[in-house]
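Student: what shape does this take:
(one chain, ligands or ions: 2)
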Amino acid sequence: MIDVKNLRKSYQTQDKTVEILKGINIHVNPGDFMIIMGESGSGKTTFLNCVSGFDTIDEGSIEIGGTKLNEIKGKALEQLRLHQFGFIFQDNYLIDNLTILENVAITRLQYDAKAYDKAMELLKKVHIDHLKDNYPSQVSGGEKQRCAIARALVNEPKILFADEPTAALDRQTADEIMNILSELNKQGQTILMVTHSPRIAAYGTRMVFVESGVFECDEAFTGDDLEANYQRVMEITER
Ligand SMILES: Nc1ncnc2c1ncn2[C@@H]1O[C@H](COP(=O)(O)OP(=O)(O)OP(=O)(O)O)[C@@H](O)[C@H]1O
Ligand SMILES: [Mg+2]
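Tutor: Ligands and ions are numbered 1, 2, ... in the order given. Below is the predicted model of the structure:
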């Protein structure tokens with residue numbers, strides 16, 4: 001599904017080049033719920049940005065379902081991103097003057113006359129269909145993030161990217177959001193998620209840890225047991 005080979009990425013500042021990713025190799029399988037951990041500044045967001053075509057890479061290759069990302073540009077890249085990828089961030093980036101329903105439907109309206117039906121179906125899935133006519137300022141933080149999940153799913157993406165989606169939420173709300181993501185994953189949704197929290201990481205099915213520009217470990221969790229997964233994450237992050 002995603003095949004990353006020898007991915008290298010550096011950033012240019014005033015007088016020097018800083019290497020962030022120094023040869024990442026990873027194969028993501030359909031149905032993986034992959035957790036990406038690592039210190040602040042280690043390159044987790046950079047990795048997601050490269051794999052999702054937001055950012056260019058210096059070396060290596062990224063293949064998504066057989067398409068090489070560095071071989072497509074402009075409109076083709078835009079279309080790939082629209083139809084294959086969904087995104088959730090720490091901040092929800094909802095559009096203030098659109099309703100919850102409109103926020104979810106908007107990117108589907110350009111090609112589907114039934115976009116609002118699809119949006120409603122997803123609002124039901126994340127249990128905020130009763131809030132469809134509210135504006136973002138009229139719903140809670142957790143409800144906004146549910147809306148952001150529905151919006152990320154509206155084009156039926158093959159891959160859902162989530163960059164610290166629960167970082168701005170309280171513990172209980174974060175668990176509610178993680179239960180939704182876990183449920184989606186059990187229905188087959190492939191997810192790549194960054195988090196700093198071992199408790200949140202435990203919801204994944206597989207975990208990588210970024211250190212010194214490479215993936216230091218690649219661990220498959222054995223099952224659904226949150227406590228066991230949490231213990232394993234703690235062992236990995238503390239060594
Ligand atoms: N556009 C840019 N130009 C220059 N440096 C950048 C740019 N984007 C990121 N960096 C640097 O690259 C490094 C990795 O950044 P990145 O955002 O990927 O880290 P992260 O692991 O996501 O950290 P955090 O956990 O704090 O979100 C940081 O040192 C950052 O300052
Ligand atoms: Mg980041």
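
Student: what's the neighbour count on the spatially closest residue to G38 that is not a sequence neighbour?
Tutor: Leaving out its chain neighbours, the residue that sits closest to G38 by C-beta to C-beta, 6 or more residues apart in numbering is V210, at 3.3 Å. For the C-beta atoms, the positions are set from N, CA and C on the backbone; glycine is no exception. Using other C-beta atoms under 10 Å, V210 has 23 neighbouring residues.

Student: so V210 touches K44, yeah?
Tutor: Yes - contact status for V210 versus K44: in contact at 5.7 Å, counting by C-beta atoms under 8 Å.

Student: okay, and the common contacts of those two?
Tutor: I36, M37, G38 (C-beta atoms under 8 Å, 6 or more residues apart in numbering).

Student: mind naming the longest helix for the chain?
Tutor: helix 171-186 (DSSP state H).

Student: which neighbouring elements make contact with that one?
Tutor: Judged by 3 or more C-beta pairs under 8 Å, 6 or more residues apart in numbering; DSSP states H and E, the packing partners of helix 171-186 are strand 33-38, helix 141-153, strand 159-163, strand 190-194.

Student: and if we set it to 7 Å?
Tutor: Helix 171-186 is packed against helix 141-153, with contacts defined by 3 or more C-beta pairs under 7 Å, 6 or more residues apart in numbering; DSSP states H and E.

Student: got the angle for the helix it packs on vs strand 159-163?
Tutor: Relative orientation of helix 141-153 with respect to strand 159-163: 150 degrees, computed using axes from the mean of the first three to the mean of the last three C-alpha atoms, to 10 degrees.

Student: measure how buried E63 is and give me the count.
Tutor: Neighbour number of E63 under other C-beta under 10 Å is 16.

Student: same check, this time on D170
Tutor: 11.

Student: quick check: buried residues in the helix or strand where A76 lies?
Tutor: In this assignment (DSSP states H and E), A76 forms part of helix 74-84. Neighbour-count burial for helix 74-84, counted by 16 or more other C-beta atoms under 10 Å, picks out L80, R81, Q84.

Student: can I get that helix in PDB, CA atoms only?
Tutor: Presented in PDB, the C-alpha positions along helix 74-84 are these (Å, rounded to 0.1, in the frame of the first residue of the first chain):
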ATOM      1  CA  GLY A  74       0.200  19.500 -10.100                       C
ATOM      2  CA  LYS A  75      -3.300  18.400 -10.900                       C
ATOM      3  CA  ALA A  76      -2.500  14.700 -10.800                       C
ATOM      4  CA  LEU A  77      -1.000  15.000  -7.300                       C
ATOM      5  CA  GLU A  78      -3.900  17.100  -6.200                       C
ATOM      6  CA  GLN A  79      -6.400  14.400  -7.400                       C
ATOM      7  CA  LEU A  80      -4.400  11.700  -5.700                       C
ATOM      8  CA  ARG A  81      -4.400  13.600  -2.500                       C
ATOM      9  CA  LEU A  82      -8.100  14.400  -2.700                       C
ATOM     10  CA  HIS A  83      -9.200  10.800  -3.400                       C
ATOM     11  CA  GLN A  84      -6.600   8.700  -1.600                       C
END
